[in-house]
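*Asks:* Here you go, sequence then predicted model.
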Amino acid sequence: MKKAAAPTKCFVDPVCLMEVEPGLQELTFTYQMRTYYFCAEACRKSFESNPEKYLAQNPPQRKSWWGRYLDRLTKATDGKPMKCH
């Protein structure tokens with residue numbers, strides 16, 4: 001009989017809102033005694049330069065073609081976060 005594997009805890013990248021598995025220590029940033037996980041170095045650098053922008057109650061609207069694509073994808077998945085590659 002196989003033992004059930006413990007589910008891994010996933011975090012949501014505060015910049016691009018993608019789901020991230022906590023594995024890469026270099027893609028983290030600690031702000032106000034809380035550790036945030038990121039899917040890519042660009043997201044980490046963007047958050048590091050202005051954390052309050054991403055922690056605001058109303059996240060900024062995405063205006064680029066990529067943002068519109070992510071909005072449609074989020075709507076299609078019923079708001080569930082996407083998994084990072």
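*Replies:* All right, it came through fine.

*Asks:* what's the spacing between the helix or strand of the chain with the lowest mean pLDDT and its chain's center?
*Replies:* Lowest by mean pLDDT, DSSP states H and E among the helices and strands of the chain is helix 65-76, with a mean of 79. From the chain centre to the centre of helix 65-76 is a distance of 15 Å (CA atoms, centre = their mean, to the nearest Å).

*Asks:* again with stretch 22-38
*Replies:* With CA atoms, centre = their mean, you get 11 Å for stretch 22-38.

*Asks:* buried residues in the least confident helix or strand of the chain?
*Replies:* Neighbour-count burial for helix 65-76 flags Leu70 (criterion: 16 or more other CB atoms under 10 Å). C-beta coordinates here come from the backbone N, C-alpha and C atoms, glycine included.

*Asks:* residues contacting the residue sitting nearest the centre point of the chain?
*Replies:* Among the residues of the chain, Asp13 comes closest to the average C-alpha position under CA atoms, centre = their mean, at 1.4 Å. Shown in contact with Asp13 (CB atoms under 8 Å, 6 or more residues apart in numbering): Glu19, Val20, Tyr36, Tyr37, Phe38, Cys39, Cys43, Cys84.

*Asks:* Val15 is in contact with the fourth one, correct?
*Replies:* No: between Tyr37 and Val15 there is no contact under CB atoms under 8 Å: 10.7 Å.

*Asks:* okay, the two: which has more neighbours?
*Replies:* For Tyr37 versus Val15, neighbours defined as other CB atoms under 10 Å are more numerous around Tyr37 (23 against 20).
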